[in-house]
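Asks: Show me the folded form of this:
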Amino acid sequence: MSKPIVVRGRTLGQGEAPLVCVPLVGATASAIREEARTMAAIAQVGDASAPDLLEWRVDAFDGAADVVALAGAAAALRETTGPLPLLVTLRAAREGGRDHGLDDAERAARLIALVDAGVADLADFETDADPAALHALRAVCRGAGVPLVLSAHHFDRTPPVDEMVRAFARAADLGADVAKLAVMPRSARDVDALLAATADADRSLAIPLVSMAMGEMGVPSRVIGFRHGSRITWASAGAASAPGQLPLTELRRRLREAPAR
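Replies: So this is what the prediction gives:
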């Protein structure tokens with residue numbers, strides 16, 4: 001089923017191919033702006049290798065805990081992204097993010113500020129986050145028309161298929177507009193299991209899904225995952241934000257060469 005992602009009333013893609021997202025992982029405001037400027041320039045000239053959206057990994061930014069520094073970097077970034085929508089993520093250390101000593105409520109407050117400032121076109125938070133923090137962020141996102149991605153990451157394993165299907169469903173039950181799951185495969189069977197779980201959940205849930213198997217073994221999931229219902233795939237244009245991300249140009253090439261079925 002086609003489940004396009006709608007951002008502030010604008011449809012991203014048509015649900016027939018994955019959206020390609022590039023993470024911005026600079027540690028300083030100037031580095032982040034340069035990353036975004038390069039990607040926006042590619043998009044503005046209509047280059048076929050351009051990403052469909054950007055993800056600002058706020059946890060990679062040195063000033064993530066400093067409200068003033070964060071606001072300044074955000075304002076400069078918003079002016080630089082051009083036509084590209086911006087997904088904003090302040091990942092928890094327990095799920096692979098850089099530790100800034102912030103609890104869930106403090107992380108949610110920073111994401112809320114970015115939504116209120118019009119910087120975030122989408123926001124990402126974890127399904128296991130403090131319920132009050134998640135509820136507060138969800139309410140602000142809904143009021144602003146900003147889709148909320150609720151995500152779960154397993155860096156040490158691939159859960160059983162039924163557990164992964166339940167993870168997608170839990171995100172939906174918590175009010176996600178997009179449910180995301182990332183796992184670490186130990187065999188090709190693990191990759192197959194993730195794809196099967198994604199397809200099962202896609203048939204039963206009304207919201208778009210995102211899934212990926214990390215690391216070198218999981219690369220196929222980033223290329224063919226859309227066939228099973230995964231709506232976004234990540235590529236790097238410099239430093240990767242997760243193990244197994246392909247360079248942007250290589251991912252675009254593989255997507256073009258991948259058979260439709």
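Asks: quick one: buried residues of the lowest-mean-pLDDT helix or strand in the chain?
Replies: Every helix and strand in the chain was compared by mean pLDDT, DSSP states H and E; the lowest is strand 10-12, with a mean of 81. Using 16 or more other Cβ atoms under 10 Å as the test for burial, strand 10-12 gives Leu12. Glycine gets a C-beta too; all of them are placed from N, C-alpha and C.
Asks: Show me what it is in contact with.
Replies: 4-6, 19, 52-53, 85 (Cβ atoms under 8 Å, 6 or more residues apart in numbering).
Asks: Against which helices or strands is the helix or strand following that strand packed?
Replies: Of the helices and strands lying after strand 10-12 in sequence (DSSP states H and E), the nearest is strand 19-24. Contacts defined by 3 or more Cβ pairs under 8 Å, 6 or more residues apart in numbering; DSSP states H and E place strand 19-24 against helix 29-44, strand 53-57, strand 232-236, helix 248-257.
Asks: JSON lines for the ones you listed, including mean neighbour count?
Replies: Converted to JSON lines, the helices and strands packed on strand 19-24 look like this (neighbours: other Cβ atoms under 10 Å):
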{"stretch": "helix 29-44", "mean neighbour count": "18"}
{"stretch": "strand 53-57", "mean neighbour count": "24"}
{"stretch": "strand 232-236", "mean neighbour count": "23"}
{"stretch": "helix 248-257", "mean neighbour count": "16"}
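Asks: Throw the ones you listed into JSON lines and include distance to Gly175, thanks.
Replies: Shown next, in JSON lines, are the helices and strands packed on strand 19-24 (distance: least, Cβ to Cβ, whole Å):
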{"stretch": "helix 29-44", "distance to Gly175": "29"}
{"stretch": "strand 53-57", "distance to Gly175": "21"}
{"stretch": "strand 232-236", "distance to Gly175": "19"}
{"stretch": "helix 248-257", "distance to Gly175": "30"}
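Asks: Quick one, which of these gets closest to Leu70.
Replies: helix 29-44 (9.4 Å; Cβ to Cβ).
Asks: For the closest one, give me every contacting residue.
Replies: 22, 24-26, 49-51, 54, 56, 61, 63, 69, 72-73, 76-77, 80-84, 237-238.
Asks: Now do it and helix 248-257, the angle between them.
Replies: 30 degrees (axes from the mean of the first three to the mean of the last three Cα atoms, to 10 degrees).
Asks: how about the strands in the chain?
Replies: Ranges of strands within the chain are 5-7, 10-12, 19-24, 53-57, 86-89, 122-126, 148-154, 178-183, 209-213, 232-236, 246-247, based on DSSP state E.
Asks: can you put those strands in CSV and add distance to Asp190?
Replies: Converted to CSV, these look like this (distance: least, Cβ to Cβ, whole Å):
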stretch, distance to Asp190
strand 5-7, 26
strand 10-12, 29
strand 19-24, 23
strand 53-57, 24
strand 86-89, 24
strand 122-126, 22
strand 148-154, 10
strand 178-183, 7
strand 209-213, 7
strand 232-236, 18
strand 246-247, 19
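Asks: any idea which of these scores lowest on pLDDT?
Replies: For those, the weakest mean pLDDT is recorded on strand 10-12, namely a mean of 81.
Asks: If anything else comes up later, I'll come back, but that's it for now.
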